[in-house]
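Participant: Next comes the sequence, and after it the predicted model I'd like to discuss.
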Amino acid sequence: MALPDSALAARSLVLGMSGGDVTTLQQALIAKGYLAAGKATGYFGPLTDAAVKKFQCEQGIVCSGLGYGIYGPRTQAAMGTSGTSSGGSTSSGGSTVASGSLEYSGWIPYWREDKGVAETLAHLEQLKEINPFGYIVQNDGTLTDAMGIVDEPWKTLLAEAKKKGVRIVPTVMWCNADAMHQVLSIQASRVALEDEIANLVKREGFDGIDIDFECKRAEDKAYFSTFLKGLYQRMGTKWVMCTIESRTPIADRYYGTTPPADAGLYANDFVEINKYCDRVRFMTYDQQTMDQAIAAAYAARGEVYAPLADVVWVEKAIKMAMQTIPKHKIVMGVATYGYEWEVTAYADGYTYDLLWSFNPAYAPPIAGALGITPARNGWGEMSFSYIPTTTVATFSPGSNAAAAALATAKSNNSNHKFRYMTWSDAESVRQKVDLAKRLGIRGVAVFKFDGGADLAMWSVLK
């Protein structure tokens, strides 16, 4: 394909150069989310070099060797045209995500490593990235390897992923608000953690790191952003992926009530996260009772509403993220497990007590023993309800236990308990994948690959 005259006329730019054309390049990189705002200095330094390399690799131009890091004719042409939409592509905040062409990735939990690795190896060609799960931050801010990644079965998985060009981006997880505040609020310990993570990635030859710091307090928002900035600067050409909690409209979360004064205080600064994360992976699952607006519609019909992830709610969360973060960075989290609830029916509706989460294989035997055929509920998951007897092993059959309990509660103004099981199967996954394609975002990340999901989902992840 012939290059435009403007591209042929422009000089090639490399590390150490300066000038107005460097400023123009930096402004384009900022607009596309590859360089932090305020970095259009006119000097082609290490940050610009890393940004150009990431752009080249992501756009399929070059990922190593000759031309890598050089802003030459091919890269100039891609930079000038990648923000426009043509054919089957969708504009994505400065980059282009082809319609129907998603990046698929997924977490492999250390507590089911044998089955998880076996499942992943069988479908490695369908994945753009794998996320061994994981490294854990200790209370003192140091890392521990909970999976033993240098040993089998990880050793074989990583070798095969490298052969097939699949990114290896392990997850660092943390969920201790007190320890997080103590480490991130002090410069010395925060920098030490940044250094340890960056050194780990480079020492082990990983392609990047996935930061999954949950349970943060709103007061630590700035500290977390500063940590991400420091890590991003240390990572060079390595990827920084950020896994964060979903956010949906306050009016929907507190539908029918007055939102509390702190309802709009968040622990994640989406603007800063956009600057320092190459991908932003939203945990669009574990919805539970977050969206009272949707729940009210089900309650008005006398129906149970206890979702793992309602596709309507997922769309709300992704669209809210898109207000701040460009689509080419957004990845939708899709869960492959389920919940069992103890539900209490009162005359005016239901209350919910979450009992446990389970892999889908647990549900059909219970339904079969009860003579129940699970059915798809209104939010796209499989489900059934039942009434347990006095012993755990024996159940009273009836697929309409929820409706029966509510009717009884209304008739005698009492309350009645029953169980409700809901889970994500291949069709649930398909609905989320279709939504991701329709919204034009970068990809889908599955939690989790552990051999316990509905394996028919692999026919969807392609």
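Facilitator: Noted; the coordinates are in hand.
Participant: how about low-confidence regions in the protein?
Facilitator: The chain contains residues with pLDDT under 70 at 1-10, 65-66, 81-100, 389-413.
Participant: what's the domain layout of it?
Facilitator: Domain ranges of the chain: 5-82, 97-336+425-459, 342-423, per automatic domain parsing.
Participant: Adding mean neighbour count, write those out as JSON lines.
Facilitator: C-betas here are computed from N, CA, C, even on glycine. Listed next are these as JSON lines, based on neighbours: other CB atoms under 10 Å:
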{"stretch": "domain 5-82", "mean neighbour count": "17"}
{"stretch": "domain 97-336+425-459", "mean neighbour count": "19"}
{"stretch": "domain 342-423", "mean neighbour count": "16"}
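Participant: Can you check my assumption that Leu29 lies in a helix?
Facilitator: Yes - counting by DSSP: H, G, I helix; E, B strand; the rest coil, Leu29 is part of a helix.
Participant: Kindly provide the distance from it to Ala300.
Facilitator: According to CB to CB, to the nearest Å, Leu29 and Ala300 sit 50 Å apart.
Participant: Tell me which helix or strand Met332 sits in.
Facilitator: Element membership of Met332, judged by DSSP states H and E, is strand 330-335.
Participant: what packs against that strand?
Facilitator: Counting contacts by 3 or more CB pairs under 8 Å, 6 or more residues apart in numbering; DSSP states H and E, strand 330-335 packs against strand 279-283, helix 311-321, helix 426-439, strand 443-447.
Participant: For Phe227, find the nearest of those.
Facilitator: Nearest to Phe227 among those is strand 279-283; the distance by CB to CB comes to 15.4 Å.
Participant: Would you pull up how far whichever helix or strand comes after the closest one lies from the middle of the chain?
Facilitator: Where DSSP H and E defines the elements, the next helix or strand beyond strand 279-283 is helix 292-300. Helix 292-300 has its C-alpha centroid displaced from the chain centroid by 26 Å (CA atoms, centre = their mean, to the nearest Å).
Participant: helix, strand or coil for Phe68?
Facilitator: Rather than Phe, residue 68 is Tyr. Following three-state DSSP, the label given to Tyr68 is coil.
Participant: Let me see the contact set for Lys238.
Facilitator: By CB atoms under 8 Å, 6 or more residues apart in numbering, the contact set of Lys238 is Ala198, Val201, Lys202, Phe206, Asp207, Gly208, Ile209.
Participant: Restricted to strands, list those.
Facilitator: Members of those lying in strands (criterion: DSSP state E): Gly208, Ile209.
Participant: Save the contacts of Lys238 as TSV, and put in distance to Thr41 too.
Facilitator: Listed next are those as TSV, based on distance: CB to CB, whole Å:
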residue	distance to Thr41
Ala198	23
Val201	26
Lys202	26
Phe206	30
Asp207	28
Gly208	25
Ile209	27
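Participant: And the contacts of Lys238, which is closest to Lys319?
Facilitator: Using CB to CB, Gly208 comes nearest to Lys319 of the contacts of Lys238, at 26.7 Å.
Participant: Beta-bridge partners for the closest one, please?
Facilitator: Trp239 (DSSP bridges).
Participant: Pretty sure it sits against Asp278.
Facilitator: Yes - if you go by CB atoms under 8 Å, Gly208 and Asp278 touch, sitting 7.3 Å apart.
Participant: what's the overlap in contacts for these two?
Facilitator: Here Gly208 and Asp278 have Trp239, Val240, Met241 as joint contacts, going by CB under 8 Å, 6+ apart.
Participant: Could you tell me which residues make contact with the last one?
Facilitator: Under the criterion of CB under 8 Å, 6+ apart, the contact list for Met241 reads Asn131, Val169, Gly208, Ile209, Asp210, Ile211, Cys277, Asp278, Arg279, Arg281.
Participant: Now with 10 Å, please.
Facilitator: Counting by CB atoms under 10 Å, 6 or more residues apart in numbering, Met241 touches 105, 129, 131, 167, 169-171, 207-212, 277-281, 329, 331, 445.
Participant: what do you get for the first one?
Facilitator: When the contact criterion is CB under 10 Å, 6+ apart, the partners of Trp239 are 54, 57-58, 129, 167-169, 201, 206-210, 277-279.
Participant: give me that answer again for 7 Å
Facilitator: Going by CB atoms under 7 Å, 6 or more residues apart in numbering, Trp239 touches Arg167, Val169, Asp207, Gly208, Asp278.
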